[in-house]
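K.L.:
Using only what follows, build the 3D model:
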Amino acid sequence: MSSQPSAVSARSAPEHVDLGPLAGQVGYHLRLANAAAIKSFNDALGPLGLTPADYGALVVIERNPGLIQQDLAAALGLQRANLVRVLNQLETRGLIRRGGESRRENALFLTASGKKQMPAVHAAHAVHEQRIAQALRRELKPLLACLRDLAALDAG
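P.N.:
Sure thing, here's the model as predicted:
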């Protein structure tokens, strides 16, 4: 499980600390929000031994049996080398298996054990998502649209 440095939220920063231009900068607040989201994720799914990359890989493989590694890497926005590390760990834990003719183009599948564990994975993730949704209240849908637009900067 990856550990993220803890971040002090802008709301809990000491009153005497002047954040200057950081107080209005999107990147600064995205970093703080990401740190809070990672902590929430780790609280919910850490007991299952899953990182965000593990969770993403399991969910996409579950929904797309036989998906090749290259397509999974693209879907998750991971470098292929990083994905291989994730897949090796999931395979070692008996959650996924690789099939196909080429090691590089292997098709990916959940094992029986992986399928059996997915309801618990989904339930734990739902706890995390509920925490995030409660923090955002009615702003969730517009925020998701904005984040998709922001992520599209990388595609351009």
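K.L.:
Which residue lies closest in space to L45, excluding its sequence neighbours?
P.N.:
Excluding its sequence neighbours, the residue lying closest to L45 (C-beta to C-beta, 6 or more residues apart in numbering) is A124, at 5.0 Å. C-beta here means a position set from N, CA and C on the backbone, and glycine is covered the same way.
K.L.:
ditto for I96
P.N.:
Counting by C-beta to C-beta, 6+ apart, the residue nearest I96 is L90, at 4.5 Å.
K.L.:
My read is that that neighbour contacts V59, right?
P.N.:
No - counting by C-beta atoms under 8 Å, L90 sits too far from V59 to count as a contact (11.8 Å).
K.L.:
Which one's more surrounded, those two?
P.N.:
L90 (22 against 16; other C-beta atoms under 10 Å).
K.L.:
contacting residues around that one?
P.N.:
54, 57-58, 96, 114 (C-beta atoms under 8 Å, 6 or more residues apart in numbering).
K.L.:
Scan the residues you listed and report the most crowded one.
P.N.:
Going by other C-beta under 10 Å, A57 tops the contacts of L90 with 27 neighbours.
K.L.:
Spell out the secondary structure type for that one.
P.N.:
helix (DSSP: H, G, I helix; E, B strand; the rest coil).
K.L.:
I96 versus that one, what's the distance?
P.N.:
Applying C-beta to C-beta, to the nearest Å, the value for A57 to I96 is 8 Å.
K.L.:
Any regions of this structure where pLDDT drops low?
P.N.:
1-13, 101-105, 138, 155-156 (pLDDT under 70).
K.L.:
Beyond the longest helix anywhere in it, next helix or strand please.
P.N.:
The residue-count maximum for a helix in the chain (DSSP state H) belongs to helix 112-136. Next along the chain after helix 112-136, taking DSSP states H and E as the criterion, comes helix 140-155.
K.L.:
Now for A57 and I96: what residues contact both?
P.N.:
87, 90.
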